[in-house]
Every structure is written in structure tokens, then in C-alpha cells.
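1. following is a predicted model, sequence given first.
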Amino acid sequence: MNIAIVTGASSGIGREFALQLDGRGGLDEIWIAARRRDRLENLENAMKTKVRIIEEDLSKDDAYSSLETCLAESQARIKILVNAAGAGKFGSVESQNLSDIISMTDVNIKALTAVTKVCLPYMADGSGIINMASVSAYPVLPYLAVYSASKAYVLHFSQALAYEVKSRGISVTAVCPYWVESEFIPLAENTPDGKCINNFAFITYPFPLVKKALCDNEMGKTASLCGLIPKAVRCLSKKLPVCCQAAVWNAVRLLRCC
């Protein structure tokens with residue numbers, strides 16, 4: 001049985017991945033994972049491929065053992081794994097709640113790594129892994145310190161893993177978008193100084209982002225950047241010293257908040 005697994009499928013980018021995988025064929029089932037069962041059921045009703053709902057909070061350790069049990073019982077072959085679950089908050093480290101900081105690292109780093117580890121034994125030649133990183137993985141960004149650092153981990157983890165599993169015919173791609181039209185921004189702003197980042201211009205929409213990510217993964221690319229802004233940020237981050245990156249970002253941040 002060939003399956004796809006999509007985490008964070010209840011909304012935004014994760015939902016769009018599930019919908020586009022539904023239209024690609026070659027899959028017997030699509031497993032969709034998130035905390036909100038009602039949203040997963042709504043997504044299931046919109047899909048033609050058989051769906052298995054995994055209602056789990058991926059920040060909890062028992063979620064991984066549950067997924068591992070399901071995989072062992074089904075003996076499925078994972079054609080594609082999409083780690084789209086993520087968490088983020090804006091603001092200084094000092095102003096953020098400790099629980100929000102722990103949630104970001106648990107979901108963006110621990111959960112993504114654990115789900116990937118659990119799924120790897122069920123992947124073979126032609127399988128793919130797509131990890132949602134961010135263009136913020138490239139530069140040093142004050143007031144996005146924890147979030148951007150967690151996405152830098154995703155990027156580096158994905159690129160290193162791609163090298164490790166290349167001999168098995170598995171493709172690993174980190175997706176590094178600019179701001180995306182989703183529930184992320186209003187949730188990320190919900191902090192004591194969350195408005196320190198504002199005026200979100202040049203929004204990326206999920207459909208072209210996901211379409212390109214799936215294509216880039218098939219082509220074996222280790223990073224997928226949709227649009228000119230992410231490519232420009234990556235280029236500048238390679239050329240500017242760290243101190244300059246932080247200063248430039250802070251100047252842009254202040255201008256955008258005016």
C-alpha cells in the first residue's frame with residue numbers, strides 16, 4: 001500500500017499539500033495529522049483518495065509512538081512525507097511566554113525530526129520528504145530569534161539528511177517561503193509585542209508554493225524557494241556579515257511598523 005503522510009494538515013500549507021497530493025494519483029491512502037479533528041474531517045470530505053485521520057498533538061511524545069504503531073500494523077510504503085506542522089511567535093525572546101518558546105522548538109524541531117525518524121524505515125527508492133522551513137532560516141532576525149533559529153535547523157537537517165539517504169533514492173527538500181497567506185500571521189502576532197513586525201507585503205499563496213515544492217522534491221532539489229524575495233534573501237544572507245544582517249532586518253522591521 002502506497003501512502004502519503006501530511007502533518008499540520010488542518011489548515012494553510014498542510015491542507016494545500018493534502019489537496020494537491022489527492023489530485024496526483026498513485027496513492028492508496030493519504031494520512032493527515034493535526035490536533036483539530038473537525039478540520040481534518042472537513043478536509044477528508046473534500047478529498048477523493050482514501051484518508052486516514054491521525055488526531056495527534058505532535059508536541060507530545062506519545063504522538064510518535066502512535067504513528068509508529070500505525071505504520072508497523074499497516075506495513076505501508078510511504079511515497080511522500082510532508083512535515084508541514086509548525087508554530088511561531090513574533091517578539092523579543094524576553095517578552096515571549098516560556099510556553100510559546102517551548103512550543104516552537106517542540107513542534108518545529110523535535111516533532112519534525114521524530115516524525116521523519118519514524119517514517120524513514122517505511123520509505124524506499126522514489127520516496128520523498130518535504131520539510132517546511134522558511135526564508136527566515138537564512139538570515140539572523142531579531143524579534144524572530146527562536147522561530148528563525150528553529151527554521152535554520154529544519155533547513156540544515158534537511159540538507160544533511162538528503163545526503164544521507166541519497167543512496168536509497170529518497171529525495172529531501174526544505175521549503176523556504178516568504179510570508180504565506182494562512183492562519184500563521186495572526187497567531188504569531190498574539191504576543192505582548194507581537195506587533196513589532198507588521199505590514200506583511202508581498203504575500204505568497206499556498207497553491208503555487210505547494211505546487212513548486214512537490215515539483216522540486218521530484219527533481220531532487222534540497223531547497224525550494226518560490227518567488228524572487230526568498231531567493232534575494234538567501235543571496236544577501238550569504239554576502240552580509242551577521243551583524244549587518246541583524247541591523248538591516250531591524251531597520252526594515254521599523255520601517256514596516258510605521
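-> Looks like it came in fine.

2. surely C226 meets C215?
-> No: using CB atoms under 8 Å, C226 is not in contact with C215; the gap is 10.3 Å. Every residue, glycine included, has its C-beta placed from N, CA and C.

3. what about those two, which has more around it?
-> More crowded of C226 and C215, by other CB atoms under 10 Å: C226, with 22 against 12.

4. the more buried one in helix, strand or coil?
-> coil (DSSP: H, G, I helix; E, B strand; the rest coil).

5. contacting residues for it?
-> Contact analysis of C226 by CB atoms under 8 Å, 6 or more residues apart in numbering lists V175, P177, Y178, T204, P208, L209, K212, A213.

6. for the residues you listed, which one is nearest G25?
-> A213 (17.8 Å; CB to CB).

7. contact partners of the helix or strand hosting that closest one?
-> Applying DSSP states H and E as the criterion places A213 in helix 206-218. Contacts with helix 206-218, where a contact means CB under 8 Å, 6+ apart, come from 12-13, 15-17, 20-21, 24, 80, 128-130, 171-173, 175, 177, 180-182, 223-224, 226.

8. how does it look with 6 Å?
-> With contact meaning CB atoms under 6 Å, 6 or more residues apart in numbering, helix 206-218 is reached by I13, E16, F17, Q20, G128, I130, S171, T173, V175, P177, S224, C226.

9. got those residues as a markdown table, with distance to I32 columns?
-> As requested, the contacts of helix 206-218 are exported to a markdown table (distance: CB to CB, whole Å):
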| residue | distance to I32 |
| --- | --- |
| I13 | 13 |
| E16 | 12 |
| F17 | 9 |
| Q20 | 13 |
| G128 | 17 |
| I130 | 14 |
| S171 | 21 |
| T173 | 20 |
| V175 | 18 |
| P177 | 21 |
| S224 | 21 |
| C226 | 23 |
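
10. any chance you could map the strands in the stretch 101-250 of the chain?
-> 128-132, 171-175, 223-224 (DSSP state E, counting those that start in this stretch).
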